[in-house]
Structures are given as structure tokens and as C-alpha cells.
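Novice: turn this into a structure:
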Amino acid sequence: MSFKSSFPIALLAMFGTGFAQSVDGSKYNNPTAGPPASYFAAATTIPVAALQTAAAKASTAAQSATYPINGDSGAKKVTIHSDWSNFSEGAAFVWVADMDVDCDGIDYKCKGNPDGQAETNFGALAAYEVPFIVIPDKFGTKYASVLPGNNIGAVICNGKMFYGIYGDTDGDSPQVIGEASWLMARTCFPNDDLNGNAGHGAADVTYILFTGKDAVLPSSALNKNYITNFTTLRSMGDKLMSSLAKSLNLSGGTTTPPSGSCSWAGHCAGASCSDENDCSDDLTGEERWADDALQESAETGVYANPSRINYIHHHSEHFKFDGPHILAPSPQRTPFLFQAGTSSAGVAFGAKHAEGIFVSAPLPHILASRIKAIFNEAARVGHEHVDARVHSTINTLSYQSSDVPSWTPRNIGKRISIGGAGPIPVGSASTVADFLEEWVRVADLDGLDIGYVQTPE
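Specialist: Residues are numbered from 1 along each chain as shown. Below you'll find the model as predicted:
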């Protein structure tokens, strides 16, 4: 391990297991910077290839179900099939078509879309931010009782599955099939520069549209323009798709997550337990700080603008939290997992997942054994030593000279009043520096987090 000459002043960050992937949709309403594919991709446990094969074998035509893929004379016609529409679990319509780009809604002026409309059927969706699919208006009207709007759907393209919603209908003459929003189309075919006048012409995209009110994305995850919670979209999509796979007797279909022996009550609430000290699903806090929230102004004394930080309101059986996420996001806007503590569960989790590990002890040799245990466990699970950085807290009291008493009853009282479980070196700058170097060497630390004595107002 290398010693770092500068010591980061860290905010204590706690990443809870229940923060949903909520977003400010307007931030992603951009033709080249929409939500990443991971936000609405199906779980790896979904049997995508098997579902695509099953869809190709569907043969029962629904009523009012055959439409051309474009308005050209002699265009290929596609039929929407109802083979799966009567399942008790995962009921859906299915068809295979091409994928043209629909920009109706607030992004109706997208490239190649001179005749766009400012509204979509159930609002004015943002085609750059919402992965939605379009069905012929006649079909939507015929089946309005089971397709009330904003139903969860999925497309299989390029061997991948992405979730979206039924967001619009096509009322042109003739009505056509095989359309999706700008975001969905360009996520499926990222190298094809698709736009309102240039779609994916091959009829090789599988569309699955779930029926019933239980398949509708709730208003808590969607407003008139944007999807505001992609975690809800993904979790509903995975649940519905697993139910469909189960109804089709396909491997990988399950309606209940795998269970395991959790270390403590509520450990895996909201995620699937794969073993004693692990939750297989990643649930993280996203989009809680606006890009301009962090100010760090020494002149004004303002660290962050609170009006640009969204509060988290999470309430589950074992965990309740109302407040802001207390860590500013990294410049690349990716979560940083900082494990705090060296309990047996903390060691197991941190060794497998953490990018940084926060530890504390009164003496360096005590810390050394704990750090060794972390990296022994990391090696066992294949998490390379250099992947995680271990930091210890420390509070320094530096004077211009070392001519100060090291410890007196008064100084002991001051230490207790400062708080924290880390060491408090007292002395000149060189004395404190020697102390820090010894801790890094003996304990095998990557760095030290210098604690604050006064809390900023």
C-alpha cells in the first residue's frame, strides 16, 4: 500500500439499502444524454432468449390486430397475438415488428420529426427520457379495458430486454405498428443514429405488453412528462416478466426471490438474499443532489445549496429515514460505496463490495489485525487488494512547538469532549506527521480521515 501525502477530510457517508432510483426527469430530457440503459434493463435472471423464441411461436391473433409496419404500399403486415393474454400471471399481448422512432410529446421537435404532436395519449411524455412503446389507436381502443395506459411493456432487441410503458397510439392512415420512443429506439440500436425519419427497418424486435391494472406504472413513479422512479419500472417489469416466464414454463421464471439465511432481521428487506452477509440486488440513492448543489465557496462559507438537494423519504419495516443524502455525488455521478465498521457482517460485505472502508481503533496494532481480516476475506471472494481503500479517523491538535504536555487530566477531558474512537495526536506539525506515518505503516492504512472538532452551521 502506498501512503498518501494529503489526507482527505471526509463526510461520514451511509448508503442505505432502501433508496430508490428516483430521478429528476428534466435532467435527462436530452437527445444524447437520456437515462442509461441500466435504468430500464431487465434483470439477468430473466430468460430473454427463451421468451423471444416463445414469442416467435405465438399464433393466436387478437381482434383488430393486423397492421403494416409503415405506410408504404405493400408494406409487411404484423399481427398482435393473444396467446398469452389469458394467463393468470403475466398476461400479455406479443408481436414482432420493426422499430420506428416516435417523438410525440414535449420532444415532438426531435430530429427528423416535422409533423410531431405535443401530446401523447396519457400526457405529454418526453421521448428523450421515457422508454415508451406505441400501438395502433384502433387496437388501443379495442382493448382499453385491459390497456388503460402506462402499462408496463418490454422490447427484446439485439439480444437484450428493456422495460418501458405503453405511452402513445398511432392514429395515422394507415395505422402502423412497430414504434417506440427516441430513448427506447436509440438504446436498442445505439450505433444506428435513429431519429424521427430513420428507424430500424428489420422486423426483428419482440414487443411484450402486459395487461390489467396491476401492470400499470403508478403515478408515484411517473408524472405527465417523465418517469421519476426507474426502480419501480424495473422491479415491476422483472416481476411481471418472471410471472410470464413461469406461465410459459421457461427456466428462469420465478415470482419469489431467492432466499438465504440473513445475519440480522431486515438485512435483506427490499433485496434478494443470496447468502448470510449479502444482498444480491443493488439499491442505491440516485439523483438527490442537483449538478449545481455543491458550491464549496470559501468566500461565502456555503458548502451546498439546500434548495438543490432533494430529500429522501424511505419507510420500511426495519428502516425509516427522512432527510438529505449527506454525501455530495462524485463528478461522474456514480455512487461510491463506503463501508463503515469491522463487525463480522461489515467485514464480509466490505470485502466483497466496498470501494472504501472506514475503520477506527485507539491503537495501530489493533487496527492492523482488523485490516488484515478485511483483505484476507477480499482475497477469498476475489476482490483484489487494490480495489478498496481503507481509511481511519483521526483528530489532530497541532501546535507551533512540541513544548506542550502530552497528557494531563485537562487534556484527557478535552479528548472525551471531542469524541470519536480514533487517536488524537498532540504536538507540533512534525510530531503529528510522524504519528500519522506510524499509523499508516503499522496498521497498513491507505489514508486517514481527519475528523472535525466543530460542526459547520
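Novice: ok now stretch 194-207, how far from the chain's centre?
Specialist: 27 Å (Cα atoms, centre = their mean, to the nearest Å).
Novice: what's next to that stretch, contact-wise?
Specialist: Where contact means Cβ atoms under 8 Å, 6 or more residues apart in numbering, the residues beyond stretch 194-207 that reach it are 51-52, 55-56, 69, 76, 78, 94-103, 110-114, 116, 133, 153-157, 178-179, 182, 185-186, 188-189, 192. (Glycine included, C-beta is placed from N, CA and C.)
Novice: of the residues you listed, just the buried ones, PyMOL syntax please.
Specialist: For the buried members of those, the matching PyMOL selection, counting by 16 or more other Cβ atoms under 10 Å, is:
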select buried, resi 51+52+55+69+78+94+95+96+97+98+99+100+101+102+103+110+113+116+133+153+154+155+156+157+178+179+182+185+186+188+189
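Novice: can you list which of the contacts of stretch 194-207 are found in helices?
Specialist: Of the contacts of stretch 194-207, the ones assigned to helices by DSSP state H are 51, 52, 55, 56, 182, 185, 186, 188.
Novice: and which of the residues you listed is nearest to residue 449?
Specialist: Comparing the ones in helices among the contacts of stretch 194-207 against residue 449 with Cβ to Cβ places residue 186 closest, at 42.2 Å.
Novice: residues in contact with that closest one?
Specialist: Listed by Cβ under 8 Å, 6+ apart, the contact partners of residue 186 are 34, 101, 192, 194.
Novice: farthest pair within the residues you listed?
Specialist: The two members of these with the most space between them (Cβ to Cβ) are 34 and 192, at 15.5 Å.
Novice: so residue 154 touches residue 208, yeah?
Specialist: Yes: with contact defined as Cβ atoms under 8 Å, residue 154 and residue 208 form a contacting pair (4.7 Å).
Novice: now for the two: what residues contact both?
Specialist: Applying Cβ under 8 Å, 6+ apart, one finds that residue 154 and residue 208 are jointly contacted by residue 241.
Novice: once you drop chain neighbours, what's closest to residue 180?
Specialist: residue 133 (4.9 Å; Cβ to Cβ, 6 or more residues apart in numbering).
Novice: the one you found touches residue 169, doesn't it?
Specialist: No: the pair formed by residue 133 and residue 169 falls short of the contact definition of Cβ under 8 Å, at 10.3 Å.
Novice: mind checking the end-to-end distance for stretch 215-234?
Specialist: Separation of the first and last residues of stretch 215-234 by Cα to Cα, to the nearest Å is 12 Å.
Novice: distance from it to the middle of the chain?
Specialist: If you compare the mean C-alpha spot of stretch 215-234 with that of the full chain, they lie 14 Å apart, counting by Cα atoms, centre = their mean.
Novice: using neighbour counts, pick out the buried residues of it.
Specialist: By neighbour count with 16+ other Cβ under 10 Å, stretch 215-234 contains the buried residues 215-217, 221-222, 225-234.
Novice: where helices are concerned, which of these count?
Specialist: Under the assignment DSSP H, those contribute 230, 231, 232, 233, 234 to helices.
Novice: out of the residues you listed, who's nearest residue 444?
Specialist: residue 231 (37.8 Å).
Novice: sorry, back to before: go through the ones in helices among the contacts of stretch 194-207 and name the one nearest residue 65.
Specialist: Checking the ones in helices among the contacts of stretch 194-207 against residue 65 by Cβ to Cβ gives residue 55 as the nearest, at 14.4 Å.
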